[in-house]
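Asks: can't give you the sequence, but here's the structure:
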């Protein structure tokens, strides 16, 4: 999930200038970086591509945005006609799109590798907390314990059956949310689409970030992490080249005005993760960085051993725990 502004949201702060000689180096015409900014997947979005032809760059950006729209119709929880919405309503989906099968299979793999810290079946908890705090006079201490226990009883990645011809939720009342992995997956798909079109210097921001190659000046793309609670202050700078960055933050969505209950649930207890305010992860793919940042935010300090991070494919990991700034774990 993307973080909210001022609580660690990454931002592209250096994308290179026009480079003599194009991607290969000196000795030719300049290759400018063409930039599109807007909103996609409910988050700030940006595409930066190095290309000598503005008309071609515009066409390729349009192609990328078309892919975003197509995949959003599969994964979005906010569109009642989406494929995921139909799965949650019916509990079963025959002949699912291959993208859904692929992403759910990846999600299950990350659930196993993180010992359940990442789990796409937490949607019943989201529904419970959302409905509770939408009521007038809602108990500020959250939903009753028995309701939390009941919702947590519907959370189990092992009760999600995924096959090429059918996806099925094995318990009545189960539901999935792909908000902790779909932004990264779509970011990867767009980056790979543009690379397949011959681009070798691309930066994609669709809630999460993916760099293809380097910026037009031959240097890595520069990304800044803001100091939690201090809008605009950059506390860490990260260089990305053929790598991805994802951030999961408690402040991405608060259910209550006091900021005690948020969208990062511990699937094992049904409670909100408490130990860490935000986690940023650099990995090869945005999909993996997305899932891992969510899992590490849930796992807390005890789940962040350096050996574990390296085994999971994490290149860098940074944690914001309150009080300002980030702590590098890797």
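Replies: Looks like it came in fine. Small disclaimer: the values here were computed from a predicted structure and weren't measured. Numbering: from 1, shown residues only.

Asks: so what's the closest residue in space to residue 244 that isn't next to it in sequence up against?
Replies: The shortest distance from residue 244 to any non-neighbouring residue, by C-beta to C-beta, 6 or more residues apart in numbering, is to residue 286 (3.8 Å). No exception for glycine: its C-beta is placed from N, CA and C like everyone else's. Residues near residue 286 by C-beta atoms under 8 Å, 6 or more residues apart in numbering: 183-185, 187-188, 191, 204, 208-210, 244-246.

Asks: what's the most distant pair in the residues you listed?
Replies: 185 and 245 (14.7 Å; C-beta to C-beta).

Asks: related to what we said a few turns ago, I'd like the contacts of residue 286 as a markdown table, with neighbour count appended.
Replies: Compiled in a markdown table, the contacts of residue 286 are given as follows (neighbours: other C-beta atoms under 10 Å):
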| residue | neighbour count |
| --- | --- |
| 183 | 27 |
| 184 | 33 |
| 185 | 26 |
| 187 | 29 |
| 188 | 22 |
| 191 | 25 |
| 204 | 28 |
| 208 | 31 |
| 209 | 30 |
| 210 | 30 |
| 244 | 26 |
| 245 | 28 |
| 246 | 32 |
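
Asks: as TSV, these with pLDDT and secondary structure would be great.
Replies: Formatted as TSV, the contacts of residue 286 follow (pLDDT from 0 to 100; DSSP: H, G, I helix; E, B strand; the rest coil):
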residue	pLDDT	secondary structure
183	94	helix
184	95	helix
185	97	helix
187	96	helix
188	97	helix
191	97	helix
204	96	strand
208	93	coil
209	96	strand
210	97	strand
244	97	strand
245	96	strand
246	94	strand
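
Asks: between the residues you listed, which is closest to residue 117?
Replies: residue 246 (15.0 Å).

Asks: so what's that closest one up against?
Replies: Here residue 246 is in contact with 183, 184, 208, 209, 280, 281, 283, 286, 289, 290, 292, 293 (criterion: C-beta under 8 Å, 6+ apart).

Asks: would you turn those into TSV with distance to residue 126?
Replies: Below are those laid out as TSV (distance: C-beta to C-beta, whole Å):
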residue	distance to residue 126
183	16
184	18
208	19
209	24
280	22
281	22
283	25
286	22
289	22
290	17
292	20
293	18
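
Asks: ok, these vs residue 330, which is closest?
Replies: Using C-beta to C-beta, the contacts of residue 246 come closest to residue 330 at residue 281, 8.9 Å.

Asks: next, the closest one: phi, psi?
Replies: phi -130, psi 140 (degrees, to the nearest 10).

Asks: one step back: out of the contacts of residue 286, which is nearest to residue 166?
Replies: residue 185 (20.5 Å).

Asks: now the closest residue in space to the closest one that isn't next to it in sequence: which helix or strand?
Replies: Of all residues not flanking residue 185 in the chain, residue 287 sits nearest, at 4.3 Å (C-beta to C-beta, 6+ apart). Assessed by DSSP states H and E, residue 287 sits inside helix 286-299.

Asks: C-terminal to that helix, what's the next element?
Replies: helix 306-311.

Asks: mind checking the longest helix of the protein?
Replies: helix 54-75 (DSSP state H).

Asks: gap between that helix and the chain center?
Replies: 18 Å (C-alpha atoms, centre = their mean, to the nearest Å).

Asks: for the record, mean pLDDT for that helix?
Replies: Across helix 54-75, pLDDT averages out at 94.

Asks: I'd like to know which elements it is packed against.
Replies: strand 33-40, strand 43-50, helix 83-90, helix 98-113, helix 182-196 (3 or more C-beta pairs under 8 Å, 6 or more residues apart in numbering; DSSP states H and E).

Asks: excluding its backbone neighbours, what's nearest residue 48?
Replies: residue 203 (4.2 Å).

Asks: quick check: the one you found vs residue 57, distance?
Replies: Here the criterion is C-beta to C-beta, to the nearest Å. By it, residue 203 lies 13 Å from residue 57.

Asks: again with residue 70
Replies: 21 Å.

Asks: what do you get for residue 98?
Replies: On the measure of C-beta to C-beta, residue 98 and residue 57 end up 29 Å apart.
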